[in-house]
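Sequence first, then the predicted structure, then my questions.
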Amino acid sequence: MSTSIHLSPGQVAASLALVVLAAAISFWQRADLERDIGIATVRSFIQLTAIGYAIKLIFEADTLWLVFGLLAVMVLFGALTARARAKKVPGAFWPLLIALAVAGVTTLGLVVALGVFEPTARYLVPVGGMVIGNAMTASAVALNRLGDEMAESRGKIEATLALGATAQEAAAPTVRRALRSGMIALIDSTKTTGVIFFPGTMVGMLLAGANPTDAVRLQLILLYALLGSVAIAGLVATGLAYRNFFTPAQQLREPGA
Amino acid sequence: MLFELSEVSLARGNRRVLDSVSAEVPAGATAIVGPSGAGKSTLLRLFNRLADPDAGTISYRDRLLTEYDPLVLRREVSLVPQLPALLEGTVESNLRYAADLADKQLDSARCLGLAGLDPDFAGRDVAKLSVGEQQRAMLARALAQQPKVLLLDEPTSALDHAARDAIEATLAELRRELEISIVLVSHDPEQARRLSDWVVRLEEGRAIEAAPVEEVL
């Protein structure tokens, strides 16, 4: 990991040729995405440059408090972003916030405790970002599905409640399906990794001149950590969020109530 | 008195579904009748606390409904909804689920028989049943809990005449054999006359009458 490559601003600017190509294809095919391509390019430039400087500062300061602060901000923004995709789930913010925090703390805590990574900013910031980012996507997909499924299965859930089942028992099949759909994308991509696509970390390390064996080992550690974090986030998010559909008397709330 | 309603009101959005309903429902067989949108199904859902009124009180056997544990209440006062909603699996697995919840021994052949279904329905996949068969499987599932009160929401709405007659015969037999009380929602006054001895008539969310069947119909 000691090797590094240096890229000039000119090289970055040259890669914009491909953005121009993308915009040209959009224009030619009337896909009407030129504006979005432009916004995406500008935003990625500003956001990545800003986070690059922030990470540089955090690496130089090398205090864990700054790392925890940055990870906390990621969890907060992750929960807010995921909430936008879970509109049908009442009070989705807190389940998402707790899910991301628990997934981040457990996953990072375990990899540090097992001696996989040292507890330094250099490891915790990028790994934490990946863990929280994947946990966010998984829990957003899971809660999005939960919202749809709870609406579709109202009759069945209420008929099960009518037998004297608890809210947890009545919602169990729905919660299970939501959790599955949150986890399945990462499981599928993990299955095909190295065959259909090369994950970013490995590509980055290879480009930076690292030994391929090291690149593969690091990538494996990250994939396994991500599987863990996605499962934890999905479980916590669905396990907390389904409760918001029910009253304390084990009644299904009216939609929008 | 089985159920006693006092000034029960419930709104959904801007609509008053139940408006100050006061009525008595004695043990035996009661029909709740009235036009569509009168609040019949909503009233039925209040009896086993799938919903609570915004105002007013309901008692069951002289105790407020809210004093019962809702889970225990629902196993004793069993509601069969209008639309069949069985769990994935076989008819038998549905009956077992219900019996286990109520902590009762399951005699699936008997439950199926009471609901007018052959014992060989036990192994059938619920996804492959007709709507009428599903409706009867729902009734069998409720019976697997050995409830004291059956709340039935339009139990024959999806059935042809022959199947309707079979269900009605079953309900009459249930009352004789099991001494079960039945509260049934029906839009059909003839059915109410055939099956019940007490009638509550709702119109636009208000209880117009609550009296013996021969006085109302």
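Right, received. Where do you want to start?

how far out from the middle of the chain is the longest helix belonging to chain B?
The longest helix of chain B (DSSP state H) is helix B:161-178. Averaging C-alpha positions (Cα atoms, centre = their mean, to the nearest Å) puts helix B:161-178 14 Å from its chain's average.

residues of it that come out buried?
Neighbour-count burial for helix B:161-178 flags B:Ala163, B:Arg164, B:Ala166, B:Ile167, B:Glu168, B:Thr170, B:Leu171, B:Leu174, B:Arg175 (criterion: 16 or more other Cβ atoms under 10 Å in any protein chain shown). For every residue, glycine as well, the C-beta is placed using N, CA and C.

same question, stretch B:13-30
In stretch B:13-30, counting by 16+ other Cβ under 10 Å, buried: B:Arg16, B:Val17, B:Leu18, B:Asp19, B:Val21, B:Ala23, B:Glu24, B:Val25, B:Ala27, B:Ala29, B:Thr30.

Tell me the spacing between A:Leu143 and A:Ala84.
Distance of A:Leu143 to A:Ala84, computed by Cβ to Cβ, to the nearest Å: 11 Å.

So the two - more neighbours on which side?
A:Leu143 (29 against 10; other Cβ atoms under 10 Å in any protein chain shown).

picking up where we left off before, could you identify the most distant pair in the buried residues of helix B:161-178?
Across the buried residues of helix B:161-178, no pair lies farther apart than B:Ala163 and B:Arg175, at 19.3 Å, counting by Cβ to Cβ.

who in the stretch 151-257 of chain A is up against chain B?
Proximity of the stretch 151-257 of chain A to chain B, by Cβ under 8 Å from any Cβ of the partner chain, involves residues A:155-156, A:158-166, A:169, A:173, A:247, A:249-252, A:254.

if you set the cut-off to 10 Å instead, what comes out?
A:153-167, A:169-170, A:173, A:247-254, A:256-257 (Cβ under 10 Å from any Cβ of the partner chain).

Of the residues you listed, keep whichever come out buried.
Using 16+ other Cβ under 10 Å, the buried ones in those are A:153, A:156-165, A:167, A:169-170, A:173, A:249-252.

And the buried residues of helix B:161-178, which is closest to B:Ala51?
For the buried residues of helix B:161-178, the nearest to B:Ala51 is B:Leu171 (24.5 Å; Cβ to Cβ).

quick one, what contacts A:Val125?
A:Ile51, A:Ala54, A:Ile55, A:Ile58, A:Phe59, A:Leu66, A:Val67, A:Leu70, A:Leu71, A:Met74 (Cβ atoms under 10 Å, 6 or more residues apart in numbering or on different chains).

Specify the local secondary structure of it.
helix (DSSP: H, G, I helix; E, B strand; the rest coil).

swap in the one 10 residues further on?
Reducing the assignment to helix, strand or coil with three-state DSSP, the entry for A:Ala135 is helix.

any idea how far it is from A:Ala142?
10 Å.

show me where the stretch 151-257 of chain A has helices.
A:154-161, A:167-192, A:200-207, A:212-241 (DSSP state H, counting those that start in this stretch).

And those, which one averages the lowest pLDDT?
Lowest mean pLDDT within those: helix A:200-207, a mean of 87.

Let me know the secondary structure of B:Val185.
Quick answer, by three-state DSSP: B:Val185 is strand.

which among the buried residues of stretch B:13-30 gets closest to B:Gln134?
B:Ala29 (23.5 Å).

Can you say which helix or strand has the one residue in the stretch 1-150 of chain A that gets nearest to chain B in it?
In the stretch 1-150 of chain A, the residue that lies nearest chain B is A:Glu149 (13.3 Å; Cβ to the nearest Cβ). Per DSSP states H and E: A:Glu149 is located in helix A:121-152.

Identify the residues contacting the closest residue to B:Tyr68 other than its chain neighbours.
Sequence neighbours aside, B:Tyr60 is the residue nearest to B:Tyr68 in space, at 6.9 Å (criterion: Cβ to Cβ, 6 or more residues apart in numbering or on different chains). The contact partners of B:Tyr60, by Cβ under 10 Å, 6+ apart, come to B:1-4, B:25, B:47-49, B:67-68, B:73, B:76-77, B:148-149.

how much space between B:Tyr60 and B:Asp54?
19 Å.

just to revisit the earlier point, please tabulate the contacts of A:Val125 in CSV and include neighbour count as additional columns.
Shown next, in CSV, are the contacts of A:Val125 (neighbours: other Cβ atoms under 10 Å in any protein chain shown):
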residue, neighbour count
A:Ile51, 14
A:Ala54, 14
A:Ile55, 17
A:Ile58, 21
A:Phe59, 14
A:Leu66, 17
A:Val67, 23
A:Leu70, 20
A:Leu71, 22
A:Met74, 20
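
rewinding a little: and the pLDDT at the residue nearest to B:Tyr68?
97.

Now do the contacts for the nearest residue to A:Gly129 once chain neighbours are set aside.
Excluding the flanking residues, the one nearest A:Gly129 by Cβ to Cβ, 6+ apart is A:Met74, at 6.2 Å. Contact analysis of A:Met74 by Cβ under 10 Å, 6+ apart lists A:Leu100, A:Gly104, A:Val125, A:Gly128, A:Gly129, A:Val131, A:Ile132, A:Gly133, A:Ala135, A:Met136.

Would you check how far apart the third one and A:Leu18 are?
Taken as Cβ to Cβ, the spacing of A:Val125 relative to A:Leu18 amounts to 28 Å.

Next: A:Arg35.
In terms of Cβ to Cβ, A:Arg35 sits 18 Å off from A:Leu18.
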